[in-house]
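**Q** below is the structure, and that's it, no one-letter string:
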């Protein structure tokens, strides 16, 4: 019976226990036996979502102090009083969520250490004292007077900023909106998402309005109109510089290693810096595993597995691994992705629609090419709790991606290879100095390397070799302290030290003419010192006033920069809240688009440190304001924002049209994000809309401002999901405006001379696609082992449109010559099947 009823959903508000029982008897196959006077004067308040029957009964036990005993092999529960047998019997519950504080350490009179059970229950011997002092980890201390019956004790959290959830299931299960405006996505209870059967964090967060990827990838995430390199991505404090595999189509993080991700679109904490757009803070499980558990999975691209091993009562080790098997067998899923990644052809026309005879891909066709794709990742997490006040965790990440591509045409052979790696290690020590003070020491090392090689052959003779290498090593150290004051305000402050070393290797070797050889090595570094602090005023009604300041000194620039932050959220009533945010941020490292390589099928971006000369510091200012309505299963969230960024260069933007000279510019972004969600029992639908106006100004390139490459005026998404016991179904449709591109005004086929129109004045066709997924989970033994089978489909009606147009040009005698036009297209129909076992 314990496995028969999963994912239960009930909402109770001071509901009499008898009414709760009657409702359960009506809606699930269950009968209760009890004495009428036993359940009198007992009530339940909770939103019970995605609970198993055991968890729901544990909730009822904790709030009533009664014992709910299931009868084996029968759909019956007997309710009896819990007799403490001269012991003191307490149920601990969270004051905010009304849920039991399960499997948490309890300190009695500063000495005896115990642990609550799954229902939040703890019992200890009554020594005759008039009162006992108890402290549950993470909650305020409480004094308890002994009673003859079991007592429910509601505890106030000491300081759980990221856990202060305003809206649970903000979009779907596992995606919650926090009091500070951030969004937390948790892997474990993540609900069904159209087109996904595994919880890919970077694909999942694109459900949030204002978060998008214009090339349908997991790595090309843009937040509030910023580019992907303007986002700070952290994995257990390790900085990640490349987040995707398979040309970015899936994320570099094992989906079952990422416990949760917190996303800041605006008004981020002063502890975060070095990027001018969004923050994506990914973390793995930071709790000591109580029992052995794990899982194995297989889908259309890779095989993965994980295991969590308790080493003792105070420590555990978690291991995660994933490996592509496409060198052994290329599945239909991979074939469908490869057609998008390596096919860059398309018809070329001028601005009047006249067809032009221009090379689009050197005669390449998918059927005549060879490609090989491999990736693997591994990460580990060690957690040690030596005592209730200390927690030490060590996390390691290693990822590797390799892509090979070659094709022949008219006696010429072109070979491309790209290898990228990202990884690192971090150590975090969290010490609870007192119930109102928590201190942390964190150190990390991150490494990134990218090596691209292009070779051109005439027959069997090697004609030209091009190499592009990019390496980053980043070491950091942080001291951080959070203190809850007497009025429940929070003061947080800290210091950060980091050093970034960056190398670039650009070389071109002509094996026929040595005079055409080019070598451009770069080696630079940046030592950073940061002092940061923020003060949070937390009102009893759920209001929040947060003021922060980040003071940064960049050694490579020799200057100090101030980054103020302001975040205000106020409840108007129980259902309605308003918020506003203001922030300034700086970014000392960004990606340049490198156009000189012969082929552009593979990633062509290079990280480069700012020098306030050729590569200026990016500086961003953002203001946002919004409102939130949440009542009776309806959620409406609206936010408007303004963002200004200076320090952009033509090398970092490209405009999909190479510029012969470096030019500096700025951007102005105005946008509105809207979300509407409704839940009706186990059915959810949500609608997201984003308006975005990205405007660039580059005086040296064009007198007037023009649309940015990522200017998408309208973006719309509607999704539905339905849970039927162990079956999850989802269907979603998305639409957005086409991206801007620079049209060809005129082209001379004989001389190849080209004249372009106004930058980004034309737009590609609008993009839309329909996605679906289905997942079924069922037990495979009498233990806790489960099997999950899922099928997903992207772009069900197989509509393929160009997503970007790139012009490759050269300069000759003052004229611009058009060499090639490359088109990036959208995904076609992508099927994927997965099988997974949990134990």
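**A** Yep, it's here. Because the structure is a prediction, the values reported are computed rather than measured.
**Q** the stretch 51-200 of the chain: helices as residue ranges?
**A** 53-64 (DSSP state H, counting those that start in this stretch).
**Q** where does the prediction get shaky in it?
**A** 110, 158-163, 189 (pLDDT under 70).
**Q** need the strands for it, in chain order.
**A** Ranges of strands within the stretch 51-200 of the chain are 66-70, 76-81, 87-94, 105-108, 112-115, 121-125, 132-136, 142-144, 151-155, 165-167, 175-178, 183-186, based on DSSP state E, counting those that start in this stretch.
**Q** helix or strand next in line after the last one, which one?
**A** Past strand 183-186, further along toward the C-terminus, the next helix or strand under DSSP states H and E is helix 201-204.
**Q** adjacent strands (with direction) for the helix or strand following that next one?
**A** Using DSSP H and E, the helix or strand that follows helix 201-204 in sequence is strand 211-213. Note on strand 211-213: by DSSP bridges, its sheet partners are strand 221-223 (antiparallel).
**Q** got a list of contacts for whichever helix or strand comes after the strand it pairs with?
**A** Next in sequence after strand 221-223, counting helices and strands by DSSP H and E, comes strand 232-235. Outside strand 232-235, the residues within contact range by C-beta atoms under 8 Å, 6 or more residues apart in numbering are 239-240, 243, 253, 258, 272-275, 278-284, 379, 395, 397. Yep, even glycine has a C-beta here, placed from its N, CA and C like the rest.
**Q** swap in 7 Å and give it another go.
**A** For strand 232-235, the external contacting residues (C-beta atoms under 7 Å, 6 or more residues apart in numbering) are 240, 243, 253, 272, 274-275, 279-282, 397.
**Q** of those residues, which belong to strands?
**A** Counted as lying in strands by DSSP state E, out of the contacts of strand 232-235, are 279-282, 397.
**Q** nearest to residue 92 among the residues you listed?
**A** Checking these against residue 92 by C-beta to C-beta gives residue 281 as the nearest, at 29.0 Å.
**Q** bridged to that closest one, which residues?
**A** residue 234, residue 262.
**Q** OK, contacts around it?
**A** For residue 281, counting by C-beta under 7 Å, 6+ apart, the contacting residues are 234, 261-262.
**Q** from residue 235, how far out is it?
**A** Computed as C-beta to C-beta, to the nearest Å, the residue 281 to residue 235 distance reads 9 Å.
**Q** please apply the same query to residue 13.
**A** Residue 13 is 39 Å from residue 235, by C-beta to C-beta.
**Q** low-confidence ranges, the protein, go.
**A** 1-8, 49-50, 110, 158-163, 189, 361-368, 514-516, 593-604, 651-661, 782-784.
**Q** endpoint to endpoint, stretch 776-785 covers what distance?
**A** 14 Å (C-alpha to C-alpha, to the nearest Å).
**Q** just how off-centre is it within its chain?
**A** Put simply, stretch 776-785 sits 29 Å off its chain's centre (C-alpha atoms, centre = their mean, to the nearest Å).
**Q** what's in contact with it?
**A** 3, 726-727, 786-789, 837-839.
**Q** quick one: residue 32 and residue 20 touch, right?
**A** No - under the criterion of C-beta atoms under 7 Å, residue 32 makes no contact with residue 20, lying 9.7 Å away.
**Q** between those two, who's got more neighbours?
**A** Using other C-beta atoms under 10 Å, the more surrounded residue of residue 32 and residue 20 is residue 20, with 23 against 17.
**Q** before we move on, what SS does that one have?
**A** helix (DSSP: H, G, I helix; E, B strand; the rest coil).
**Q** same question for the one 5 residues further on.
**A** Reducing the assignment to helix, strand or coil with three-state DSSP, the entry for residue 25 is helix.
**Q** spit out the contact partners of it.
**A** Taking C-beta under 7 Å, 6+ apart, one finds 31-32 in contact with residue 25.
**Q** cutoff 10 Å now
**A** Applying C-beta atoms under 10 Å, 6 or more residues apart in numbering to residue 25 gives the contacts 31-32, 75, 77.
**Q** could you flag which of these are buried?
**A** Using 16 or more other C-beta atoms under 10 Å as the burial test, the contacts of residue 25 include 32, 77 as buried.
**Q** OK, contacts around residue 663?
**A** The neighbourhood of residue 663, defined by C-beta under 10 Å, 6+ apart, consists of 648-651, 653, 698-702.
**Q** now the helix or strand hosting residue 10: buried residues?
**A** Using DSSP H and E, the element containing residue 10 is strand 8-16. By neighbour count on 16+ other C-beta under 10 Å, the buried set for strand 8-16 is 8-10, 12, 15.
**Q** show me where the protein has helices.
**A** Listed in chain order, the helices of the chain (DSSP state H) span 17-27, 36-39, 53-64, 201-204, 332-342, 650-653.
**Q** residue furthest from the geometric center of this protein?
**A** residue 128 (52.3 Å; C-alpha atoms, centre = their mean).
**Q** report the contact partners of that residue.
**A** Per C-beta under 10 Å, 6+ apart, neighbours of residue 128: residue 146.
**Q** how much space separates it from residue 145?
**A** Counting by C-beta to C-beta, the gap from residue 128 to residue 145 is 13 Å.
**Q** ok, residue 574 touching residue 632?
**A** No - with contact defined as C-beta atoms under 10 Å, residue 574 does not count as touching residue 632 (11.3 Å).
**Q** can you pull the contacts of the closest residue to residue 302 other than its chain neighbours?
**A** Distance criterion C-beta to C-beta, 6 or more residues apart in numbering; nearest residue to residue 302, sequence neighbours excluded, is residue 324 at 4.6 Å. Going by C-beta under 10 Å, 6+ apart, residue 324 touches 245-246, 250, 301-304, 334, 373-377, 401-402.
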